[in-house]
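>>> following is a predicted model, sequence given first.
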Amino acid sequence: MRRTLGALVGVALLALPLWLTSAYHLHVAIMAGIFTILALSLNLLLGYTGQLSLGHAAFFGIGAYTSALLALRLEWPFWLGLPAAAVAAGLAGWAIGRLALKVRGAYFVLVTISFAGVIALVSVNWMELTNGPLGLPGVPAPSLAGVSFRTKTAYYYLVLVGAAGAYLLCRRLVRSRVGRAFLALRENEPLAESVGIDPTRTLVLAAVVSAALAGVAGSLYAHYTRFVSPEVFLFNYTVTMVIMVVAGGKGTLAGPVVGALVFTVLPEALREAVAWQWQMLAYGVLLVLLVFFLPRGIVGGGVAVGTRDEGPPRGLPAEGPAQQRRADGSPGPALQVENLSADFGGVAALADVSFTVRPGTITSLIGPNGAGKTTAFNAITGFLRPRRGRVTFGDASLLGRRACDIAARGVVRTFQKTSVFPALTVADNVMVGLHLAGSAGFAAIVASRPRVWAEESRLRAEAADIVEFVGLQHRRAVTAGSLPYGEQRLVELAVALAARPRLLLLDEPGAGMTGAEKERLVELIRRLREQGLTVLLVEHDMRLVMGISDTVIVLNHGRVIAEGPPATMQAHPDVIRAYLGGRRA
Amino acid sequence: MLELHALRAAYGPIEALRGVDLEVRAGELVCLLGANGAGKSSTLRAISGLVRPTGGRIVLDGRPIAGLPPAEILAAGIAHCPEGRRVFPYLTVEENLAMGAYVRRDRGAIAADMDRVCTHFPILGERRRQPAGTLSGGEQQMLAIGRALMARPRLILFDEPSLGLAPTVVETTFGIIADIRRQGTTVLMVEQNAYLALQMADRGYVMENGRIVLSGAASNLLSDDHVRRAYLGA
Amino acid sequence: MDALLQHLVNGLVLGGTYALLGIGLTLIFGLMNLVNFAHGELYTLGAYATFAALALGGLNFFAAVALAIALGAVVGAACERLLLRPLRGESIDTTMLVMIGLWIALQNGELLAWGGVAKSIPHPFPTAPLTLGPVGIAPLRLFVMATALVLIVAAWLLIQRTRLGRAMRATFQDRETAALMGVRIDRIHTATFAFGSALAAAAGALLGPIFLAYPSMGDLASLKAFSVVILGGLGNLPGATLGGLLLGIAEELGAGYVSSGYRDAVGFVIIILVLLFRPSGLFTRAERIG
């Protein structure tokens, strides 16, 4: 059904110049195409990684100027100028991406605005290069084998190819493991890190691709209007792009396309009736109204990632994900923590903590409120930088490494507050967890190599197994955010398991669960141990802890006060004193 | 004085209180015990208006107060000394105390109360103009208590006053609380340190999974092994 | 040397108004965690309101400025109540988009109302500069600097010495405990937004007569306000004041000794550099509102 629709649209687009014979209409179509590319590019950042760039006009302008200057000054043909524009804009995108390492959200927006501001000022003031406010006239139209693309019809087809290419690229990217990584960052960055996604590299990639696409649009624009001036950096363009993406539907593929079409055609259609100032005013009001009433935009969908039907659940018994992992079935190495000291909130939360977690066991870390348990987790898994100490997993030292690197070494954690990717389905949540199990890179994905799709199938099958293991197969196509609390925690566990841990750290996995849910959880953890997984957990439910643990380590005031089997701990005077206080003599 | 009937409360999808019944009579010191995550703090927060109950009733001297905003709860005579002290770090000691009296309008009396608090806790008097964040843990606890007193409450809710404090400081703090109670203010105290709390209290309740599982006179609970089991899951 | 002093004086005049813009924004951004992209529009509003009061209402200059400031407060309060409060729990993207929409709408509204030609705002001061030693300063600029100073001091006093100011600082430092003390967080938000907007309008009313009023004047003002906030650290009132003064001086020196074309780039560059190297601001050791 979708295919026939797509084919129809394709044919209609190809045949457009046949029934839109007026040059003016073709002009509108060409501009719509260029803006489609721009909107798609902005959508990658805004819709998928969730970072708003208000400086996108800078990438557009850099692309336009690069292409124009290369054609005018060095007489490069358009076919070289276009990729050069993409590269130049991509480099700028790289710079912005690197800056984004340090800042997110509002600060990122400011950086992008500032960047655009600086570039705009440069284009106005650097007369020798850009001819300043006078601009660069006479940019040549592209030509191929002697045929010039001067006519509107010809250029329309050029832009159509460009737009189709951009759409295809975005589509492939978004449905791949890279696209999932983008979404994961948007939805829940710490969780993404905990399964091995590198936020730096991912954001930079998004910024580079996004900028390069905008640069392509810029080049197309320059060779169409054949005149480039600092006007390309006008904030109006950025505003229009933002409206297109937001009104069309951010985070979808069709959204920006629809938005671009509507907001190119509409102003032209209204041009007779309404002055452009009123249009811009209307845009402003529209943006406000959209946010209130139509936050998902016209297209209104959520995340269009892998929502293809997976078919019926596989019939194999749920043996658990461990089977794919280790052929020899032996447990991983031991976790050694030595003299770990860390500060949190201005106090010494951990002081000289040392313990060992033996492989293939379930160890619990308990202690009264404020004892330092979660701080210990954070320090071990790279979410907190300790002051001192050693943490080794086998022969690898974990201290000072980034969270995503630690995850890559097989140490995976869950979080105290439920942590899922709310807008993704359960199956996609687990697919994110499988990020490190895949290796398809940007180039392979865009080229749509067969091995990429083979890998996707393999990962989907593995994800289905994991979902079945935790008992959520009947929910695999449901968005995680809409699940009841207990099931969300199971999703969380599934995501952690997908990251193929050799050591799993569970932070209060039973918190907020009902009795039945806790029993289920205990059952799952036991089965994991049977498969050779080492588990370290923090819990407050003593019955759960005492029932499931091989070893219990008790913390108080940031120090280890006791360690041993559960029964011993329950009767240990220091432990009793820590929890209940001292008795009168 | 204060009664909770079948109180329910939730944080989003998580049900923190699943039907809590308890009672605090005027002049008493009642302690609320239980392991972490049992719902003790949530109970206090429901009383003081930080969390809106989803079911059940809270009655103060016959007047229903469930779901009222904190300003009105304060006006009704209940002050809450929150977990972790939560002093305003960049406000001075004096300004912190002033915030305790935020809902009061009687400026003269407020000033007099502030002096009284500073006299009663000399350290606060000494550090009157210092930012609260520079005080030690024990001093901050004193400040938090003083701040709660500034509201001239009839009932004070203490949430884990011993948390993060050294043992000697804990003793001092509990001494202060005992004083407050002796002077006629009713106290409902959440503590994880069960034995210390029970030694001071008239009665106690033990919570687990959002419900009361044990209650009785403090002396009985002290000698009852149930408390230990409730905490350590024997 | 004389030229340097002259630049410094000019920089202080400018810087005083930047400080006003920055203080307002740092309060809003800091307290409400809101990226107020419409801040510059309140600045523009201040200028146009002064113009309207003078040209259409026939008020005297000082009353017009006062009216503009009051209008800023009212408009700010209205925006907060109508647009921001309903979106309270939403993500920061959503509020950003709303503020951007407001920005676009307000600016183009002004364009429609007043046209694109810049308006000159008449003022009662003589144009001949006063000479104070080696530097000359126009009486208007002296007035601007003095008024800015008065307003900055008033802002400090409000924050440090009043019950409302205390409540604002408490809310910034620990929102939940402030609520526990009975502070109505809603009202604090409205008051903060109104206050910040009033300061922005004041900056516009003061700078309008110097620089002319035109619809897009707020864009640069907005950016500069942000760069002052970033320089001084979020929620840091003294930082914003110092930052504003520094920015004004840096711009004047830059324009005088480097190039006037890139004058406005100073603000941009500051944003990028500070966020790159010291994201918490240059002055974060000072006491903050939070």
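Structure received. Because the structure is predicted, anything quoted here is derived from the model rather than measured.

>>> for chain B, what are the nearby residues on the stretch 101-250 of chain C?
Selection of the stretch 101-250 of chain C residues close to chain B by CB under 8 Å from any CB of the partner chain yields C:163, C:166-167, C:169-170, C:173-174, C:176-184. (Glycine included, C-beta is placed from N, CA and C.)

>>> restricted to helices, list these.
Mapping these onto helices (DSSP state H) picks out C:163, C:166, C:167, C:169, C:170, C:173, C:176, C:177, C:178, C:179, C:180.

>>> got a markdown table for these, with pLDDT and neighbour count too?
Shown next, in a markdown table, are these (pLDDT from 0 to 100; neighbours: other CB atoms under 10 Å in any protein chain shown):
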| residue | pLDDT | neighbour count |
| --- | --- | --- |
| C:163 | 93 | 14 |
| C:166 | 93 | 22 |
| C:167 | 95 | 22 |
| C:169 | 91 | 25 |
| C:170 | 93 | 26 |
| C:173 | 89 | 22 |
| C:176 | 93 | 14 |
| C:177 | 95 | 24 |
| C:178 | 95 | 25 |
| C:179 | 94 | 20 |
| C:180 | 95 | 27 |
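
>>> list just the nearest of those residues to residue A:160.
Checking those against residue A:160 with CB to CB, the nearest one is residue C:176 at 55.5 Å.

>>> tell me the contacts of the closest one?
By CB atoms under 8 Å, 6 or more residues apart in numbering or on different chains, residue C:176 lies in contact with B:50, B:82, B:86.

>>> run through the residues that contact the residue nearest the centre of chain B.
Nearest residue to the geometric centre of chain B (CA atoms, centre = their mean): residue B:158, 1.7 Å. Listed by CB under 8 Å, 6+ apart, the contact partners of residue B:158 are B:81, B:145, B:177, B:187, B:188, B:189, B:190, B:191.

>>> tell me the secondary structure for it?
What DSSP: H, G, I helix; E, B strand; the rest coil gives for residue B:158 is strand.

>>> domain assignment for chain A?
A:27-293, A:335-410+A:501-585, A:418-500 (automatic domain parsing).

>>> which parts of the stretch 51-200 of chain C sit against chain A?
Going by CB under 8 Å from any CB, the residues of the stretch 51-200 of chain C near chain A are C:83, C:86-87, C:92-94, C:96-98, C:100-109, C:111-112.

>>> in helices, which of these fall?
Those of those lying in helices (DSSP H): C:92-94, C:96-98, C:100-109, C:111-112.

>>> buried members of the residues you listed into ChimeraX, please.
Selecting only the buried entries of these in ChimeraX, with 16 or more other CB atoms under 10 Å in any protein chain shown as the criterion:
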select /C:92,93,96,97,98,100,101,102,103,104,105,106,107,108,109,111
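
>>> ok so, going back, turn the ones in helices among the residues of the stretch 101-250 of chain C next to chain B into TSV, columns for distance to residue A:53.
Listed next are these as TSV, based on distance: CB to CB, whole Å:
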residue	distance to residue A:53
C:163	42
C:166	39
C:167	36
C:169	34
C:170	35
C:173	32
C:176	33
C:177	37
C:178	35
C:179	35
C:180	39
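
>>> just flag the most distant two among those residues.
C:163 and C:176 (19.5 Å).

>>> how many neighbours does residue 14 have?
I'll assume chain A. Other residues lying near residue A:14 total 12 when counted by other CB atoms under 10 Å in any protein chain shown.

>>> you answered for a different chain; I wanted chain C.
26.

>>> didn't it look like it was pressed against residue C:248?
Yes. Contact criterion CB atoms under 8 Å: residue C:14 and residue C:248 qualify, at 3.6 Å.

>>> helix, strand, or coil at residue A:336?
When classified by three-state DSSP, residue A:336 comes out as strand.

>>> any idea what it is bridged to?
Beta-bridge pairing for residue A:336 (DSSP bridges): residue A:356, residue A:392.

>>> contacting residues around it?
Residue A:336 neighbours (CB under 8 Å, 6+ apart): A:356, A:390, A:391, A:392, A:393.

>>> and the longest helix along chain C, what's buried?
In chain C, with assignment by DSSP H, the single longest helix is helix C:2-32. In terms of neighbour count (16+ other CB under 10 Å), helix C:2-32 has its buried residues at C:6-32.

>>> which of those are close to chain A?
Residues of those in contact with chain A (CB under 8 Å from any CB): residue C:29.

>>> which one of the contacts of residue C:176 is nearest residue A:134?
residue B:86 (61.7 Å).

>>> how about the nearest residue to the closest one, chain neighbours excluded?
Sequence neighbours aside, residue C:177 is the residue nearest to residue B:86 in space, at 4.3 Å (criterion: CB to CB, 6 or more residues apart in numbering or on different chains).

>>> name the residues of chain B found near chain C, please.
Going by CB under 8 Å from any CB, the residues of chain B near chain C are B:48-50, B:69-71, B:74-75, B:80, B:82, B:86, B:88-91, B:95, B:98-100, B:102-103, B:131, B:147.

>>> just the buried ones from those residues?
Buried, going by 16+ other CB under 10 Å: B:48-50, B:69-71, B:74, B:80, B:82, B:86, B:88-91, B:95, B:98-100, B:102, B:131, B:147, out of these.

>>> now, those that are in helices?
Under the assignment DSSP H, those contribute B:48, B:70, B:71, B:74, B:95, B:98, B:99, B:100, B:147 to helices.

>>> residues in contact with the second one?
For residue B:70, the set of contacting residues under the criterion of CB under 8 Å, 6+ apart consists of B:48, B:49, B:50, B:80, C:179, C:180, C:181, C:182.

>>> near chain B, which residues of chain A?
Residues of chain A lying near chain B (CB under 8 Å from any CB): A:347, A:368-370, A:484-485, A:488, A:508, A:511-512, A:515, A:540-547, A:569-570, A:575-576, A:579-584.

>>> in which helix or strand would I find residue 186?
Using chain A. Assigning secondary structure by DSSP states H and E places residue A:186 in helix A:177-187.

>>> not quite, go with chain C.
With DSSP H and E as the test, residue C:186 turns up in helix C:185-211.

>>> the helix or strand just after that helix and chain A in contact?
Going down the chain from helix C:185-211, the next helix or strand is helix C:217-232, by DSSP H and E. Yes. With CB under 8 Å from any CB as the measure, helix C:217-232 is seen reaching chain A through C:219, C:223, C:226, C:227, C:230.

>>> list the contacts for the fourth one?
Same thing as residue C:227. By CB under 8 Å, 6+ apart, the neighbours of residue C:227 are A:114, C:243, C:247, C:267, C:268, C:270, C:271, C:274.

>>> any chance of those in TSV, with pLDDT and secondary structure too?
Formatted as TSV, the contacts of residue C:227 follow (pLDDT from 0 to 100; DSSP: H, G, I helix; E, B strand; the rest coil):
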residue	pLDDT	secondary structure
A:114	85	helix
C:243	91	helix
C:247	91	helix
C:267	80	helix
C:268	83	helix
C:270	82	helix
C:271	80	helix
C:274	83	helix
